[in-house]
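1. The following comprises the amino acid sequence and a computationally predicted model.
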Amino acid sequence: MNWIYRGRCWKFGDNLGIDGAIMPLRFALSRETDPIVLRDFLMSEVDPEFPKKVNPGDIIVAGRRFGQGNPHIQGFLGIRGHRLGLVAESIPRGSFRNVINAGVPFLAPCLGVTSTCETGDDLEVDFSTGLMRNITRAQEHQFTPVEPELRDIIAVGGWKEHVKQRLAQSTG
């Protein structure tokens, strides 16, 4: 897995709910888990054009409590469907688990990160080291990366692939 993403910054504020703001609730209720289906609705209730504007390698920079509310995985699967990275000031515990389970490279907590960039800035983030470079503003910020054991789960594509890999190793 390539842990270095370089792309456009998409900045969002505090308290974005997983159901509604990040992904319409109907997908959690219908138990949709296909990242390709979900990507077309990512952040659509905040910015209806968002799914059409983002590109693989872009980075969502979010404020405090990104993914608050019921810990549904659909929003994070939508992020994975677009192959985006995530840098957040904080993520509630249930959503923290789900961003790993969905296989999304992320950094959190990153206190003050929303004050370091704006939507449209060119960013480069190394999710394995925690280094975030804002190319537009010629600034670097160091955050604590996710623990290696959790990065292993993300690297294989999330919990489902990780379980398959572990089962294959234990029976092989």
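-> Great, that's in hand.

2. count of residues packed around the residue nearest to Phe76 when sequence neighbours are not counted?
-> Closest residue in space to Phe76, ignoring its immediate chain neighbours: Ala102 at 3.6 Å, by C-beta to C-beta, 6 or more residues apart in numbering. Just so you know, the C-beta spots here come from the backbone N, C-alpha and C atoms, and that holds for glycine as well. Using other C-beta atoms under 10 Å, Ala102 has 28 neighbouring residues.

3. Ser95: what secondary structure?
-> Counting by DSSP: H, G, I helix; E, B strand; the rest coil, the backbone at Ser95 sits in helix.

4. From Ile4, how far out is the nearest residue to it once chain neighbours are set aside?
-> Excluding its sequence neighbours, the residue lying closest to Ser95 (C-beta to C-beta, 6+ apart) is Gly67, at 3.2 Å. Separation of Gly67 from Ile4 (C-beta to C-beta, to the nearest Å): 23 Å.

5. Would you tell me which strand is longest in the protein?
-> When the chain is parsed with DSSP state E, its longest strand is strand 4-11.

6. ok, and what's touching the helix or strand bottoming out on mean pLDDT in the chain?
-> Counting by mean pLDDT, DSSP states H and E, the chain has its least confident helix or strand at helix 159-171, which shows a mean of 80. In this structure, residues lying in contact with helix 159-171 by C-beta atoms under 8 Å, 6 or more residues apart in numbering are Ile100, Asn101, Gly103, Asp152, Ile153, Val156.

7. ok, and the closest residue to Gly63 other than its chain neighbours, which helix or strand is that part of?
-> Distances taken as C-beta to C-beta, 6+ apart put Asp14 closest to Gly63, at 3.7 Å, once the chain neighbours are dropped. Assigned by DSSP states H and E, Asp14 belongs to neither a helix nor a strand.
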